Structures are given as C-alpha cells and as structure tokens.
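> Below are the sequence and a predicted model; questions follow.
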Amino acid sequence: MASGGKRRRTRTAAVIGTVVGLVVVGGGVAAFAWANRTPEDTVAKAQTTPLPHPLTPAQQLVADADDPRACAVTFHGEGAPAEPVLQFQEGLYQGLPIPQLDGRVFAGWYASADDAAAFAVEARVNGADPVVCAQQQVDLFAAWKTPQENAAEDVRVPILMYHQFTADPDGEKGWLRGNYAYIGDFDAHMDHIATTGFYLPTWDELSAFIDGRLSLPARSVIITDDDADQSWFDLAVPVVDKYRLLSTSFMITAYRQDPAPSVYVQRRSHTHDMHQAGENGRGRMVNWTADQIAADLVRSGDVLGVREVVAYPFGHYDDTTKQGVAQAGYELGRTIEPGFVQIGTDRYALPVVRIDYGMGLDALVSRIG
C-alpha cells in the first residue's frame, strides 16, 4: 500500500511542481516560472489543447500491421463491406470479398465509381492484379447487374490446359509428343491474352460465376498447367512473369512440393498420390472410396495451404470422385473434357480447352477469340 501511495504522490508532484517557460519580450526571450500550479490550472490548459484526430479504420489497420508494404482497402458502393481489409504491396490481391444482394449479381470491384458504372474491364480489380496503393490506402468500388443482364451475356469461360513445354520448334519425340507445347507458341498465346483485353478470373470468382452470383467479362480466360513438370518451371514461368498473367500449376504433391515460382503462379492440387493407375488400369480417382479420395486431397491441400480446386489425374472421375472431393472441402474439380464453363456448369466437372504441340496463335484465337 505504501508503495502505491508513493507512486500517486510522485504523479501529483509532476503536475503541481515548478514549471519553467519562455516568453518573447521586446524581441528578446525572458524566463518565467509558475510555482505550485494547481490541478485546476492544469485542467484549464488541457481543455484548450486540441486533441489529436483519431485514426480512421483504414489508418488503424495499417498502423497495426506495422509493415511498409501494408495497404488498407476500403470498399464503396451498394452491398460493399463496411470494414477495410488488409492487403500487401509486392503481392497480388488475396481473397477480395464477393458480396451478395437479393436479386442482384455482383459485377466486380473497380478503381473508381465511374469505372464501376461503365463496367470498365481494364479497371476491374481482382486476385490477378498486383496491390498498388498511395499512402498505404486504396479505394475499390462495387458494380452490380441484374440476373437477366447476366444471363443474357451468355459468357463462356475457357480453362486453358497446358502440360509440358519444349524449346525445340520441331517438338519432342515419343508418345507424349502432343503434351509438349512449343515455348514460342506459348509466348505468343500469353502475349495475345495480355494485350487484347482478357480478364483472368480467380477460382473463387469462377465458383461464384457458376452459381450466378458473379458476372464475368465476355473475354475471360483461366491459364493452367498440369503436373508441374520441370519444363513448366524452366520455360513457361518466365513467360508468365514477363506478361504478368495469373496462372495455376496443378501439382502432384507426393512428387514435388516446390514453393510457388512466381507471384503470378498459384499452386493447386493434382492430388497427393492418385496420379497412377488403380487395379482396373484406370486412375485411383475412380478406384478408391470417397473416404480414401478425401484423405488424399486433404493431405495435398495441407501441403499447398489451400483446398479449392483439383485437377483429376488422367481426367478420370465419377460420382464417388465428386463425393470425395466435396468431402475434402474442395469447391471445384477440373476434367480434361473439352468445353467452356458457363452459368450452371457442374462445379465438379469443369471442362477445358486443351493445348497440344503445334497449336500456334491462330489455333488459340479460333478457340478463345
């Protein structure tokens, strides 16, 4: 108790003790002292001292992050979240919200209110875009469409499926020759996508699009690679980096677990160890039980740090496969069947646009525009 009383007396003395100040007198400086000021004098002075402005929620978010790369994103418009979210510069946007309103279809986030009103694709912001902000803050604006407008647009989204890559214009030899895309063709493909106004949806956007909750631009495309072959790392990733295009590498995690080679490369599951034949010669994906499939995919998701979409080995799947995928917490399953993703597509049977050796730019344009 005595020590507590001592602390209180010390604080009081600090308030009412002698204070020395300076004042300007006739161009000079004179010293004066206020001795034994009363607490009432101190309170009166404090009342005339302006209080600092409290931080806005966005400023507080940045302050708490204590990171020069931190960027607080504030959302505007009908249905927009009330609270800002934290993103980090030098990376891509992560997990931007997809709000919902009854009788409306979300049409994305935009850099300005005017861009949102015009549905300006070049100003639409998603997880394919790097975080760039001024003074560690950025504003995004919501756009909406009606379900009728969304359905009338009849958007069809291609998922490009690449496998291995070769630097030899004459291609590779052997029965897998068709799997090897010539890197010169791949460069031309990526240049076309990067320079002609394509939008690159994230997988959560594609999921919401399938449900009719999200509108996607007519010229949308998803870029994927199966197997994470070394030629993907050596030849294709530098091209992806050059054009700054979001892509997905479907990785067999029992075979390799390399970190993402680029900020523009997402690692997603090609299963942990189901990329081999089962007892009947077909893939394990159609030989194992739903519980076995789910266990494998949980393991793969734990390695990758995400359970979102899986590419079926050999394209083999059935109803048991779908059950296991859903049980493991994945939202999407990708096949090798040809086609485009539309509103209402089976989310566990996503079709693809397969890219084989010899498919140059004209071949790509004929398929995706």
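Now that the structure is in, tell me what you want to look at.

> CA atoms for contacts and neighbours, from now on please.
OK.

> quick one: residue 116 is in a helix?
Yes - under DSSP: H, G, I helix; E, B strand; the rest coil, residue 116 sits within a helix.

> how far does stretch 215-235 stretch from start to finish?
End-to-end distance for stretch 215-235: 34 Å, by CA to CA, to the nearest Å.

> in that stretch, what's buried?
215-217, 219-229, 231-233, 235 (16 or more other CA atoms under 10 Å).

> That one: how far from the chain's middle?
15 Å (CA atoms, centre = their mean, to the nearest Å).

> Quick one: mean pLDDT for that stretch?
Mean pLDDT, stretch 215-235: 98.

> remind me, longest strand of the chain?
For the chain, the strand with the greatest residue count under DSSP state E is strand 137-145.

> Is residue 224 part of a helix or strand, or is it coil?
strand.

> can you check residue 337 too?
Classified using three-state DSSP, residue 337 is strand.

> Give me the distance from the longest strand of the chain to the chain's centre.
The chain centre lies 16 Å from the centre of strand 137-145; the measure is CA atoms, centre = their mean.

> contact partners of it?
58-59, 71-80, 104-113, 116-117, 119, 132, 215 (CA atoms under 8 Å, 6 or more residues apart in numbering).

> Please enumerate the helices of the stretch 251-369 of the chain.
290-304, 319-327, 361-368 (DSSP state H, counting those that start in this stretch).

> Which strands or helices does the helix or strand where residue 64 lies pack on?
Using DSSP states H and E, residue 64 falls within helix 57-65. Where contact means 3 or more CA pairs under 8 Å, 6 or more residues apart in numbering; DSSP states H and E, helix 57-65 is packed against strand 70-76, strand 85-88.

> Which one of those strands lies nearest to residue 358?
Proximity to residue 358, assessed across the helices and strands packed on helix 57-65 by CA to CA, is greatest for strand 85-88 (39.9 Å).

> Would you tell me what the next helix or strand after the closest one is?
Counting by DSSP H and E, the next helix or strand C-terminal to strand 85-88 is strand 105-110.

> Counting neighbours, which bits of that next one end up buried?
Buried, per 16+ other CA under 10 Å, within strand 105-110: 105-110.

> Then stretch 130-145?
Across stretch 130-145, burial judged by 16+ other CA under 10 Å covers 130-133, 136-145.

> Between all of these, which two are separated the most?
136 and 145 (30.6 Å).

> before we move on, the earlier item: for the helices of the stretch 251-369 of the chain, which one sits closest to residue 279?
helix 290-304 (14.7 Å).

> secondary structure class for the nearest residue to residue 153 once chain neighbours are set aside?
The shortest distance from residue 153 to any residue other than its chain neighbours is 7.4 Å, reached at residue 218 (CA to CA, 6 or more residues apart in numbering). Here residue 218 is recorded as coil under three-state DSSP.

> Residue 218 touches residue 156, doesn't it?
Yes - with contact defined as CA atoms under 8 Å, residue 218 reaches residue 156; the gap is 7.1 Å.

> Give me the average confidence score over the helix holding residue 64.
Mean predicted confidence for helix 57-65 is 97.

> Then stretch 109-129?
98.

> what comes up buried for that stretch?
So, applying 16+ other CA under 10 Å, buried residues of stretch 109-129: 109-113, 115-116, 119, 121, 123-129.

> Likewise for stretch 354-369?
354-361, 364, 368.

> So which of those is the closest to residue 331?
residue 354 (21.9 Å).

> and the closest one, what are its bridge partners?
residue 161 (DSSP bridges).

> okay but it is in contact with residue 178, surely?
No - the pair residue 354 / residue 178 is not scored as a contact, 10.4 Å apart, by CA under 8 Å.

> measure residue 215 to residue 255 for me?
The value you get for residue 215 to residue 255, if CA to CA is used, is 37 Å.

> One more: residue 237?
19 Å.

> between these two, which one's more packed in?
residue 237 (19 against 12; other CA atoms under 10 Å).

> so how many other residues sit close to residue 68?
Neighbours of residue 68 using other CA under 10 Å come to 12.

> give me every residue that touches the closest residue to it other than its chain neighbours.
Counting by CA to CA, 6+ apart, residue 136 is the residue found nearest to residue 68 once chain neighbours are left out, at 7.8 Å. Listed by CA under 8 Å, 6+ apart, the contact partners of residue 136 are 62, 68-72.

> What subset of these is buried?
62, 69-72.

> Tell me the spatial nearest neighbour of residue 190, not counting adjacent residues.
Per CA to CA, 6+ apart, closest to residue 190 is residue 243, 6.8 Å.

> Now for the one you found: which residues touch it?
Taking CA under 8 Å, 6+ apart, we find residue 243 in contact with 190-191, 194.

> which intervals of the stretch 201-350 of the chain have sub-threshold pLDDT?
Counting by pLDDT under 70, the stretch 201-350 of the chain contains no low-confidence segment.

> 80 instead?
278-279 (pLDDT under 80).

> the strands in it, which residues?
Here the stretch 201-350 of the chain has its strands, by DSSP state E, counting those that start in this stretch, at 222-226, 247-251, 265-269, 309-311, 332-338, 350-354.

> Now do the same contact list for residue 72.
58-59, 61-62, 84-87, 136-138.

> sorry, that was for residue 132
So residue 132 contacts 89-90, 138 (CA under 8 Å, 6+ apart).

> that older thread, of all the helices of the stretch 251-369 of the chain, which lies closest to residue 208?
Residue 208 lies closest, by CA to CA, to one member of the helices of the stretch 251-369 of the chain: helix 319-327, at 16.1 Å.

> quick one: buried residues of the closest one?
320-327.

> would you turn the residues you listed into TSV with distance to residue 273?
Converted to TSV, the buried residues of helix 319-327 look like this (distance: CA to CA, whole Å):
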residue	distance to residue 273
320	17
321	14
322	17
323	18
324	14
325	14
326	18
327	17
